[in-house]
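Q: need a 3D model of the sequence below.
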Amino acid sequence: MRQRERLTGGMSKAFTKESETEAVEPDAPDPLPDGFKNYVTPHGLRLLRDELDTLRRVERPKVVEVVAWAAGNGDRSENGDYLYGKKRLREIDRRLRYLSMRLKTAEVVDPARRTVHDRVFFGATVTYANADGGADSEENTVRIVGIDEASTARGEVSWVSPIARALMKAEEGDVVVLATPTGTKRIEVVKIDYRDG
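A: The predicted model follows:
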């Protein structure tokens, strides 16, 4: 208990301001590994630009309008619309800075322009299977994309992810080793495709 009092200055968290208890999110984008570039597909670049545009032209003006209306309703310290609106504005502004910085450093790589189609590179859609057979020998498909556009729901993985790094430069029929939290796994490249997302 003594250690906790030192960390909070002996004051109960009930009496601290919301801003003191919020986790501070950095404005800087997630760091890329040293020497790596911020690659993005044309589709991913469109998604980032669309999100930036929607936040800037639609969401932020709506929230600013709500905050202005709520501020006119009197006591701001107990005004839920005002407090939530200010918090949402900070989130939007943080995301706008993040997207702007990511777009400035983005290097567009169009998989459709790739001349080599028999090896795995950025933008490839790769079908693979467990090379050792067994119960999990069914085929899986992933598309290797930029960090900001990766989505497991769409079967897209970041090009710096373990699966993408294991598959990089492999050809159809190659067996590569994938490091997983439970050990290593041998996977075989079944098919490589370069379709636009």
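Q: what's near enough to touch residue 161?
A: Neighbouring residues of residue 161 by CB atoms under 8 Å, 6 or more residues apart in numbering: residue 150. In this view, the C-beta of every residue, glycine as well, is placed from N, C-alpha and C.
Q: to clarify, my last question referred to residue 124.
A: Residue 124 neighbours (CB under 8 Å, 6+ apart): 111, 143, 144, 167, 192, 193, 194.
Q: and for residue 121, the neighbour number?
A: Using other CB atoms under 10 Å, residue 121 has 18 other residues around it.
Q: what about it, distance to residue 192?
A: Applying CB to CB, to the nearest Å, the value for residue 121 to residue 192 is 9 Å.
Q: check residue 178 too.
A: Taken as CB to CB, the span from residue 178 to residue 192 is 16 Å.
Q: ok, these two, which is more surrounded?
A: With neighbours defined as other CB under 10 Å, residue 178 and residue 192 compare such that residue 192 has more, 21 against 17.
Q: show the pLDDT at the more buried one.
A: For residue 192, the pLDDT comes out at 95.
Q: helix or strand: which one has it?
A: Using DSSP states H and E, residue 192 maps to strand 183-193.
Q: tell me which other helices or strands that strand touches.
A: With contacts taken as 3 or more CB pairs under 8 Å, 6 or more residues apart in numbering; DSSP states H and E, strand 183-193 sits against strand 125-130, helix 162-167, strand 175-180.
Q: mind putting these into a markdown table with mean pLDDT and distance to residue 153?
A: Output for those, formatted as a markdown table (pLDDT from 0 to 100; distance: least, CB to CB, whole Å):
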| stretch | mean pLDDT | distance to residue 153 |
| --- | --- | --- |
| strand 125-130 | 93 | 16 |
| helix 162-167 | 95 | 16 |
| strand 175-180 | 92 | 20 |
